[in-house]
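> Sequence first, predicted coordinates after that:
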Amino acid sequence: MADSDDRPSVIGRRSFLWSAAFAAAAPIVSEATLARAARASWLGQVPPDAVLINANENPLGPSKAACDAIAAIAPLGGRYDRWDENDKFVDLFATQNGLKPENIAVYAGSSEPLHYSVLAFTSPTRSLVIADPSYESPMAAAGVSGASIHKIKLGAEYAHDVKAMVAADPTAGVLYICNPNNPTGTITPREQILWALDNKPKGSILLVDEAYIHLSDEPTVLDQVAAGKDLIVLRTFSKVYGMAGIRCGMAIARPDLLAKLQPYLQNSMPVTALAAARASLEDPDLVPTRRKWIADTRVETIAWLQTQGYKPVGVSHSNCFMIDTGRDGHKVIAALRERKIYIGRIWPVWPNAVRVTVGSPEDMQKFRVAFKDTMDTSAMAWALGARVQPRELAGMGGTTFLS
Ligand SMILES: Cc1ncc(COP(=O)(O)O)c(C=O)c1O
């Protein structure tokens, strides 16, 4: 059963803690840091009427109950020792999911435990195996631990190719599975994840990122944690629960696996986040209502794109999807930005595909108009061999837009 590495030893513990502190000090690459880096390169302010569909955020924000819980607990925020809030939240999540409280470690978002899991279970001799394209954050953490990275192309239906991932390296430390996947929103069926769990290299763990699981109808693999398997499941309140700026997430695993992340942890949770997360869990309608609201907008937007002849990549079950633009995705992103529509990034493996987050119906209506205009204009400019400069680069000796 428990075949993961048995580190650190008692003798090496002190130096391990030093290196853990050093490694944890390395920056965590997350959707937030990537969005911030993109904003810095935009050379200017984001206009107040901009449509922000770039960072897989939820335009609904926290629920009313979550906001009320924040307001109610704020006056108690003068105290450090509010562990009872942590315990109340953990007990509720454990009860709702057939887990024990000791299976749950709470963090300010899931970026932290994602980063720490890769630091704890990869090394120069234990690699990271990841799908391509997938969420980049684990690769950044592998850069810190000195692990080599095996990128495995997505397989049929843009699911993770679990057979190729398992075969990639017999000494792998972490196999990262993002379900639904960021950026494609595509699903990897549960039986394939279970197959990977049964067949993964000895000593490795599966890191199953369920940041977007509530947006799909897919079953979770949390029951595998309860069954004592070698996996860490990541959850966040940044997506369906709309709490990206409030910060709450979890690593869910066997206590011995969670203990390996513990030395990296630097801080305690804000009580406001814990109270908001608990209030969100207490509302049984929140997830199904929001899932439907986002799915309806996604389905409508993608249907429109298809009727216009544009090509979505795979079938998304999430709050983001990719479109193959048939031209340099960077240029499409820049042209949309000129029209105050801020979409996500590209992944090097597919330079022509751009990621779009599902915003509100109004956001997506504006996106449609701007996207069609961008594609028509750039197609014409392309055909004429024109060289168009985005306004933000004009007069700055900037590069040409279409060349
Ligand atoms: C796949 C995936 N995992 C984890 C996260 C981390 O989110 P947070 O740190 O806000 O919980 C994100 C953020 O977008 C994500 O896309």
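Sure thing, it's come through. Numbers count the residues shown, from 1 in each chain.
> Can you pull the phi/psi pair for the closest residue to the ligand within the stretch 251-400 of the chain?
Nearest residue of the stretch 251-400 of the chain to the ligand, counting by Cβ to the nearest ligand atom: Cys320, 8.3 Å away. Just so you know, the C-beta spots here come from the backbone N, C-alpha and C atoms, and that holds for glycine as well. Backbone torsions of Cys320, given as degrees, to the nearest 10, read phi -150, psi 160.
> how far away is it from Val349?
To Val349, Cys320 is 16 Å away according to Cβ to Cβ, to the nearest Å.
> Neighbour count: these two, which is higher?
More neighbours surround Cys320 than the other of Cys320 and Val349, with 26 against 13 (other Cβ atoms under 10 Å).
> That one: what's it in contact with?
For Cys320, the contact set (Cβ atoms under 8 Å, 6 or more residues apart in numbering) comprises 56, 182-183, 185, 344, 355-358.
> can we see that at 10 Å?
Counting by Cβ atoms under 10 Å, 6 or more residues apart in numbering, Cys320 touches 53-56, 180-185, 212, 215, 239, 294, 298, 343-344, 355-358.
> swap in Ile177?
Per Cβ under 10 Å, 6+ apart, neighbours of Ile177: 129-131, 134, 159-160, 162, 165, 188, 192-193, 196-197, 206-210, 221, 231, 233.
> cool, Thr357 as well?
By Cβ under 10 Å, 6+ apart, the contact set of Thr357 is 31, 51-59, 183, 185, 294, 298, 318-321, 342-344, 363-364, 367.
> For it, which non-adjacent residue is spatially closest?
Leaving aside its sequence neighbours, Thr357 sits nearest to Ile53 (Cβ to Cβ, 6 or more residues apart in numbering; 4.2 Å).
> so how far is Leu99 from that neighbour?
Separation of Ile53 from Leu99 (Cβ to Cβ): 34 Å.
> The two: who's more crowded?
Set Ile53 next to Leu99 and count neighbours by other Cβ under 10 Å: Ile53 wins out with 26 against 19.
> That one bridge partners, please.
Counting by DSSP bridges, Ile53 forms beta bridges with Ile343.
> thinking it is in contact with Phe367, fair?
Yes. At 6.3 Å, Ile53 counts as touching Phe367 under the criterion of Cβ atoms under 10 Å.
> overlap in contacts of these two?
Common contacts of Ile53 and Phe367 (Cβ under 10 Å, 6+ apart): 301, 336, 341-343, 356-359.
> how many other residues sit next to Leu265?
For Leu265, the neighbour count with other Cβ under 10 Å is 14.
> Output the below-cut-off pLDDT ranges for the protein.
Counting by pLDDT under 70, the ranges of the chain that qualify are 1-25, 40, 42-44, 378-403.
> hey, where'd the helices end up in it?
Listed in chain order, the helices of the chain (DSSP state H) span 13-25, 31-41, 64-73, 83-97, 111-121, 137-145, 162-167, 190-199, 222-226, 255-261, 271-281, 286-307, 329-338, 361-384.
> Highest mean neighbour count out of those helices?
A comparison of the helices of the chain by mean neighbour count, using mean count of other Cβ atoms under 10 Å, puts helix 111-121 on top with a mean of 26.
> How about the contacts made by Ala105?
By Cβ under 10 Å, 6+ apart, the contact list for Ala105 reads 86, 90, 112-113, 116, 232, 249-253, 255, 257-259, 261-262, 265.
> ok, and of the residues you listed, which contact the ligand?
Intersecting the contacts of Ala105 with the contacts of the ligand gives Gly249 (criterion: Cβ under 6 Å from any ligand atom).
> near the ligand, which residues of the stretch 1-150 of the chain show up?
Residues of the stretch 1-150 of the chain lying near the ligand by Cβ under 6 Å from any ligand atom: 30-31, 56, 109-111, 114, 135.
> biggest separation within these, which pair?
Asn56 and Leu114 (14.4 Å; Cβ to Cβ).
> how far away is Ala35 from His160?
Using Cβ to Cβ, we find Ala35 at a distance of 25 Å from His160.
> next one: Ser110
18 Å.
> Strands - which of the contacts of Cys320 land there?
Using DSSP state E, 53, 343, 355-357 are the members of the contacts of Cys320 that sit in strands.
> which two from those end up farthest apart in space?
For the ones in strands among the contacts of Cys320, the maximum inter-member distance is 9.3 Å, found between Ile53 and Arg355 (Cβ to Cβ).
> tell me, what's touching these two both at once?
Shared contacts of Ile53 and Arg355, defined by Cβ under 10 Å, 6+ apart, comprise 320, 343-344.
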